[in-house]
Structure formats: structure tokens, C-alpha cells
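# sequence and predicted structure are below.
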Amino acid sequence: MKNEIDIPEGIQAKIEGNKITISKEGKELTRLYPTRLINIKLENNALDVTGFSDIAKSRAIVGTIKSHIRNMIQGLQEPFVYKLKVCSVHFPMSVKQSGNEITIQNFLGEKKHRKVKVTTDSEIRIEGQDITVSSHDKEAAGLVASRLEQATRLRKKDRRIFQDGIFITEKAGKAI
């Protein structure tokens with residue numbers, strides 16, 4: 001198993017204790033990693049991720065950290081984009097953004113507005129019935145998209161009849 005991750009041109013990596021920081025043109029992503037189980041070294045424009053032992057748990061954590069670092073590098077090269085669709089069959093639902101909060105109005109005819117908090121490093125565009133969430137951090141974009149979807153989740157109702165809600169249609173460039 002190759003444990004090296006090549007760093008592309010224009011991207012800088014820095015390791016301080018158990019914190020890895022990857023940056024490009026003013027954009028920066030930081031992540032903590034478990035120091036007791038793995039070690040990360042920066043050598044010759046590549047990151048070397050090694051585990052302290054060869055047990056399955058250590059190998060699994062090495063693979064997970066490698067994937068996180070690859071996602072950080074990929075996110076700095078091109079932001080992760082999640083696309084959502086606002087579907088309203090019974091009542092015309094509207095979605096508005098104000099600051100770092102998204103307000104869902106008239107969901108199933110409710111008079112009380114549903115509010116969703118947005119992380120500061122995510123960019124949201126609302127165009128009619130389409131919502132686009134983009135961020136350089138894959139977890140931040142996914143978190144906002146899932147919060148929007150869960151805010152309109154129905155409980156104890158037949159989904160075949162009540163089809164209203166906000167649904168993820170594309171995850172990080174992959175159609176669902």
C-alpha cells in the first residue's frame with residue numbers, strides 16, 4: 001500500500017504537531033489527526049502517512065487520513081459543489097438566505113419558518129427552485145446540504161403522498 005500523497009504545483013503543506021495545514025492562494029484548510037496512531041512527514045513535495053503498527057485499525061486510520069488529505073488538496077484545486085432541488089407539490093415553498101442563515105417558508109403550509117444555520121466557509125446560491133452549495137471543504141459543503149435536506153424531512157407521513165421537501169440531486173459532482 002503506497003502511503004505517499006504527491007502535492008501538486010502551487011499548493012503548500014505545513015505540519016505542526018498533530019495539525020496539517022494545506023493552502024493555496026490565500027485559501028487554507030486545516031485538519032487534526034491522531035498522533036498516537038499515525039505519523040505524517042513532509043518530504044520532497046510529498047506527504048508520507050505511516051502507521052506505528054501493522055494492525056488493521058492502524059491501516060484503516062492511515063487510509064482515512066490519506067483520503068482526507070486528498071480531499072483537502074482536491075478542494076483547493078476546485079471547490080466541491082452540492083446541488084439541491086426544492087420540491088413543493090401541495091404548498092408553494094420559498095427559500096431565502098439572510099447572512100449565515102437560510103429560511104424555509106410555507107413548508108407544507110406551516111406558518112412558522114424553518115431556519116438552517118450555514119457554515120461561514122460555504123457559499124450558497126439560490127436560483128428559483130435550485131440551491132447550489134459550494135465550498136473548498138468537502139465536509140462543510142456536505143454538512144450544509146444535509147442540514148437543508150433534514151430541515152424538510154417528514155415524519156409519520158406517507159412519502160408517496162407528501163412529496164414536498166428539499167432534496168440533494170448532486171453530491172460533489174456525482175448525480176444521485
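Done, it's in.

# this structure - how does it break down into domains?
Segmentation of the chain into domains, based on automatic domain parsing, reads 4-77, 80-175.

# next one: the last one to chain centre, how far?
Averaging C-alpha positions (Cα atoms, centre = their mean, to the nearest Å) puts domain 80-175 14 Å from its chain's average.

# if we can go back for a sec, can you put the domains of the chain in a markdown table and add mean pLDDT and mean neighbour count?
Every C-beta, even on glycine, is put in place using the N, C-alpha and C of the backbone. Written out in a markdown table, the entries for the domains of the chain read as follows (pLDDT from 0 to 100; neighbours: other Cβ atoms under 10 Å):
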| stretch | mean pLDDT | mean neighbour count |
| --- | --- | --- |
| domain 4-77 | 91 | 15 |
| domain 80-175 | 93 | 16 |
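
# contacts only, for the nearest residue to residue 100 once chain neighbours are set aside.
With Cβ to Cβ, 6 or more residues apart in numbering as the measure, residue 118 is the residue that lies nearest to residue 100, at 4.8 Å, once sequence neighbours are left out. Listed by Cβ atoms under 8 Å, 6 or more residues apart in numbering, the contact partners of residue 118 are 97, 100, 101, 102, 124, 144.

# what does residue 169 give?
Under the criterion of Cβ under 8 Å, 6+ apart, the neighbours of residue 169 are 83, 84, 85, 175, 176.

# same check on residue 34?
18, 61.

# residue 167 now?
Residues near residue 167 by Cβ under 8 Å, 6+ apart: 84, 85, 87, 149.

# is it true that the first one touches residue 165?
So that's residue 84. No: no contact is recorded between residue 84 and residue 165 when judged using Cβ atoms under 8 Å, the distance being 9.8 Å.

# tell me, what's touching these two both at once?
Common neighbours of residue 84 and residue 165 (criterion: Cβ under 8 Å, 6+ apart): residue 149.
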